[in-house]
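> below is the sequence, then the predicted model.
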Amino acid sequence: MSAPRPTTGSPATRLLGGLSLAGLVLLLGYALWWSPADVVQKDSVRIMYVHVPTAIMAFTACGITTLASAMWLRRRSEGWWVLGGAAAEVGIVFTAACLVTGSIWGRPTWGTYWDWDPRITSTTLLFIMLVGYLALRRIDNESGNAAQRGMRAAIVGLLLFPNVMIVHYSVDWWRSLHQTATITRLDPSIEGTMLFTLMLGIAVFGLVFAWMLIHRFRVGWLEERVGATGLDAALLERRAEAGVAGGAR
Amino acid sequence: MFRDAGLVAGKDLRIELRSRVTLQQVLPFAVLVLILFGVALDPDRGILTRASAGLFWVAVLFCALLAIQRAFTIEAADGGRDALRLSGLEPGGIFLGKAMAIAAQLTAVEALLAVGVVIMYGTEVTGVPLLVATCVAATAGMAAAGTLYGVLAAGLRVRETLLPILLLPVLSPVLIGATKAFEAALGGVAADGWPWCGLLLTFALLYLTFGTLAFGTLLEES
Amino acid sequence: MEPAVQLRGAVTLLGRFPALAGIDLDVAAGEIVLLRGPNGAGKTTLLRLCAGLLPVARGTATVLGHNLTDRRQARSLRRRVGLLGHATGLYDELTVSDNVRFWGRAAGASSEDIVGALAACGLDGRLADLAVLSLSAGQRRRTSLACLLARRPELWLLDEPHAGLDQDGRDLVDGLVHRAVQAGATVLMASHDLDRAEALADRVVTVVGGTTTAGAPGAGPTDAAPAAGTPAGGVALVP
């Protein structure tokens, strides 16, 4: 509880952070130099090594939030509550990164920053759902104590992943009925160095994701502790009112 | 549970009969939205007729937001939540009752909008069975999800702004499904529309079930 | 006979504020107990706790045999109690009789119970068909009282039952309380109208700073006591 210097780091997270950093440097090398350019998309394909991993992490975060909400509803333990928020916060960063990189990629590939592609549409809706979830969570955090608060956010969190799935598939189905030519972004026959680079990207962004999640989790946990330690002091203060009133008799 | 649902729905509709908020505010708003679309989308080029399915459902969605806000403003007034919790009503029944009342009001909105679309946008009505089935399934889904998210936002000072951002992304599959089913019924092949109607029905059943089960905890602790 | 209410060191939080800071209270079945204390002492919170509306953060609370630390038991307690609070829960657009009928039927009351409750509160006739919106504060109070009466609660929790009522209304409250107790109910009330409430009560309990000190009717300090010393903490309690 009483660490001399408050920090959310530990040897393990420092190692994880170091590995992430080294991994990013390695990924940079593979993505920009050692992997070949695509036959059709030329050099612009290289953004895929960031775009696809961020998309995967965004949806993973969303799944973690739903899982944590479900566990909170069962166990009511602070840890799950904190994890749900931490995953959503990190998730929103990756969703934004995914949308931005997708849009940058879309410009040379489709000739436009935005296309009514099912994945863009549903990822944008995911972004807005995450914003809504965090907005609600903030309100829950400001009002109410650990036992009372959290129910609204937990229900929205629980529905987050199912909603994302329903939205994703309905949007997918909606667009597939249109006869417009959609360029398949992921070349089905990625192999060799390109495949390795993509896998490396997913692994490295997995590390970055984990590192960010752990730190956000610890910050959230410390915030919870600050709230909890206040109770005993508050009880004493409240009881003292009786003494004051008694003294005035 | 269904007795409680009937009691709550009856009470909400009675309040509507006396206050006439839907009749005097939501229904005129629906017509207004149709007019605004018409003004914005140049009525001479046939866009309105072609887009009438989508415009119809966007208008319904906006009206649904108003109806849901209203349904929980009633309860938020003067300690309504405590009273409901003490009432002895089953939470699942309260959920179904409020959803039924919202659905009834949305049906009225849809009927008016349908007339409006036919008259003002020159839409020709075909494939009536599919249209009706779509309306029923979509209304049930909107009312169920709306009631669930409505109680989440109810009682918060920011509810007017929070509800749309929470609810509209969730309802986007309903908008897509209902629009596609309507397009199929009005212009294309009705058979293309029935799978969408199935999607709407699935959505409605999911939210009705989840809402009935979860409403107790929500009423309790939020 | 088992006590109607038994609290041991019960703590209740409103937000992060401990409105009840370890309270002890015993109310025997069939008793009429008056709670008194300065504004913000925690009287209203105590009544809401006894209605099963608030969670017990620490300590124990048993009401009519329901252990309130168990959420399920707290929920099933609620249909057995009647709470008359500052907030009425009445629907403004509906008439008096519509309101009493809705809340009565929600609790499973029969038509006779509902008609009887309306009559007992002097709400039959012209008043019954008025919208609550157009009622005076005293008439609203009577409507709330009729809603409570129609539920036939075993434990009456009355928050300032005499406030805003005329002489007839206050007599009406006293009469209803006496009849309820004769019928086997228990009454716990908070009041600032001490003359009237103390005459009605069997016993007085003083609540200050979220805790209790027991006392006999007509003795001990009154509200005026903590004039200069009203602590800032108490002001935060506005349920």
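That came through fine.
> so the worst-scoring helix or strand of chain B on mean pLDDT, near chain C or not?
Among the helical and strand segments of chain B, the one scoring lowest on mean pLDDT, DSSP states H and E is helix B:80-86, with a mean of 83. Yes. Residues of helix B:80-86 contacting chain C under CB under 8 Å from any CB of the partner chain: B:80, B:82-86. All C-beta atoms are positioned from the backbone trio N, CA, C, and that covers glycine.
> need those in CSV (columns: neighbour count and distance to residue A:62).
CSV is the format used below for the residues of helix B:80-86 next to chain C (neighbours: other CB atoms under 10 Å in any protein chain shown; distance: CB to CB, whole Å):
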residue, neighbour count, distance to residue A:62
B:80, 21, 34
B:82, 18, 35
B:83, 23, 37
B:84, 18, 33
B:85, 20, 32
B:86, 28, 38
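> strands of chain C, residue ranges please.
Under the criterion DSSP state E, chain C contains strands at C:5-14, C:17-27, C:32-36, C:58-63, C:66-67, C:81-84, C:155-159, C:186-190, C:203-208, C:211-215.
> so which elements touch the helix or strand hosting residue A:214?
Residue A:214 belongs to helix A:192-247 when assigned by DSSP states H and E. On a contact count with 3 or more CB pairs under 8 Å, 6 or more residues apart in numbering or on different chains; DSSP states H and E, helix A:192-247 meets helix A:11-29, helix A:48-75, helix A:78-110, strand C:17-27, strand C:203-208, strand C:211-215, helix C:232-235.
> next, the angle strand C:203-208 makes with that helix.
Relative orientation of helix A:192-247 versus strand C:203-208 (axes from the mean of the first three to the mean of the last three CA atoms, to 10 degrees): 120 degrees.
> give me the buried positions along the helix or strand following the least confident helix or strand of chain B.
For helix B:80-86, the following helix or strand on the C-terminal side (DSSP H and E) is helix B:91-121. By 16 or more other CB atoms under 10 Å in any protein chain shown, the buried positions in helix B:91-121 come out as B:91-106, B:108-110, B:112-114, B:116-117, B:120-121.
> chain A next: which of those residues are close?
Within those, nothing lies near chain A by CB under 8 Å from any CB.
> point out where the chain drops to low pLDDT.
Since you didn't name a chain, this refers to chain A. When residues are selected by pLDDT under 70, those of chain A lie in A:1-6, A:39-40, A:140-149, A:176-191, A:227-230, A:243-249.
> that was the other one, I meant chain C.
In chain C, residues with pLDDT under 70: C:1, C:214-239.
> name the residue of it that lies nearest to chain A.
residue C:209 (2.9 Å; CB to the nearest CB).
> what does chain C put close to chain B?
Within chain C, the positions lying close to chain B (CB under 8 Å from any CB) are C:48, C:51, C:53, C:71, C:75, C:78-79, C:81-83, C:85-94, C:98, C:102-103, C:105-108, C:131, C:151.
> mark which of those are buried, thanks.
Applying 16+ other CB under 10 Å to the residues of chain C next to chain B flags C:48, C:51, C:53, C:75, C:78-79, C:81-83, C:85, C:87-94, C:98, C:102-103, C:105-107, C:131, C:151 as buried.
> narrow those residues to those in helices?
C:48, C:75, C:98, C:102-103, C:105-106, C:151 (DSSP state H).
> how about stretch A:88-102: buried residues?
Neighbour count says stretch A:88-102 has A:88-95, A:97-99, A:101-102 buried, by 16+ other CB under 10 Å.
> what is the nearest of those residues to residue B:220?
residue A:88 (23.6 Å; CB to CB).
> isn't residue C:162 right next to residue C:195, touching?
No. Contact between residue C:162 and residue C:195 fails when scored by CB atoms under 8 Å: they sit 9.9 Å apart.
> tell me which of these two has more neighbours.
Counted by other CB atoms under 10 Å in any protein chain shown, residue C:162 and residue C:195 do not tie: residue C:162 has more neighbours, with 20 against 10.
> contact partners for the more buried one?
C:169-170, C:173, C:191, C:193, C:196-197 (CB atoms under 8 Å, 6 or more residues apart in numbering or on different chains).
> which among the residues you listed count as buried?
Here, 16+ other CB under 10 Å leaves C:169-170, C:173, C:191, C:197 buried among the contacts of residue C:162.
> okay, and which of the residues you listed map to helices?
C:169-170, C:173, C:197.
> a markdown table for those, including distance to chain A?
Formatted as a markdown table, these follow (distance: CB to the nearest CB, whole Å):
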| residue | distance to chain A |
| --- | --- |
| C:169 | 31 |
| C:170 | 28 |
| C:173 | 28 |
| C:197 | 19 |
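> related to what we said a few turns ago, return the member of the ones in helices among the buried ones among the residues of chain C next to chain B nearest to residue B:15.
Distances from residue B:15 to these, taken as CB to CB, are shortest for residue C:98 (9.0 Å).
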